[in-house]
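Colleague: one predicted model, sequence on top.
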Amino acid sequence: ANDRLQFVLHDGDDSSIGNIMAVGNTPQFAFTNALSVGVVYHVSAIAGPDNGVGNVNPAHKCYRFSNGTPLVYYERPQVAISGDASICPGDSTDVTFSLLAGSGAVDLVLAIGSETENLTGIRDGDTYRVAPSATTTYTIQSVTDQSAAMCDGTTVGSAVVTVIDLPVVGNITHICNAIN
């Protein structure tokens, strides 16, 4: 009659509860400093009589728990772009991507002036060769990691590639040194 249903986040497996990291009335658990990214935790339902303070009593003979559902926390990716450069018309240069947070590869949408291009599998230190015909600003419009969670991330910076006008030489006159 006074049975409780709760959920636990634990470091056990799908068939046994290990160390309990958190207890809640719903199966949703926010990431805290006590947890680690990339580690497989499990969420199990627990049921049994109330322990007198509003929680399930795990020592009671009627205590039961469900098989655990795996849960992995991923760090949201943060990617920076850099590579300001000045080039002559027809030349090219590289912009560089730096993964500041997260791990593994990311997919991103690169804004190239008013256009965009989808780039996939970008890793820390990867470069992208550009050859604009006019001065262009490159920014990352969006970033998503390639983990199972497909976490959206944040972006930092821009790269401005300035195309320098070639000098025009004209009106050349020859002056000869007069000899007396």
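Modeller: Nice, thanks for sending it over. What you see is a predicted model; the values in this text were computed from it and never measured.
Colleague: any weak-confidence spans in the chain?
Modeller: Low-confidence segments of the chain, defined by pLDDT under 70, span residues 1, 174, 178-180.
Colleague: what separates Ala47 from Asn57, distance-wise?
Modeller: 10 Å (Cβ to Cβ, to the nearest Å). Just so you know, the C-beta spots here come from the backbone N, C-alpha and C atoms, and that holds for glycine as well.
Colleague: overlap of the contact sets of those two?
Modeller: Taking Cβ atoms under 8 Å, 6 or more residues apart in numbering as the contact rule, Ala47 and Asn57 both touch Tyr63.
Colleague: same drill for the two, tell me which one is more crowded.
Modeller: Asn57 (18 against 14; other Cβ atoms under 10 Å).
Colleague: just confirm the more buried one contacts Asn51, I think it does.
Modeller: Yes. Counting by Cβ atoms under 8 Å, Asn51 is a contact partner of Asn57 at 3.7 Å.
Colleague: could you measure the residue minimising distance to the centre of the chain against Asp107, distance?
Modeller: Centroid-nearest residue in the chain, with Cα atoms, centre = their mean: Pro77, separated by 1.5 Å. Computed as Cβ to Cβ, the Pro77 to Asp107 distance reads 10 Å.
Colleague: mutual contacts of the two, please.
Modeller: Common contacts of Pro77 and Asp107 (Cβ under 8 Å, 6+ apart): Val143, Thr144, Asp145.
Colleague: run through the bridge partners of the first one.
Modeller: Yep, that's Val143 we're talking about. Note on Val143: beta-bridge partners by DSSP bridges are Leu108.
Colleague: okay, now it: neighbour count?
Modeller: Around Val143 there are 24 residues (other Cβ under 10 Å).
Colleague: good, wrapping up.
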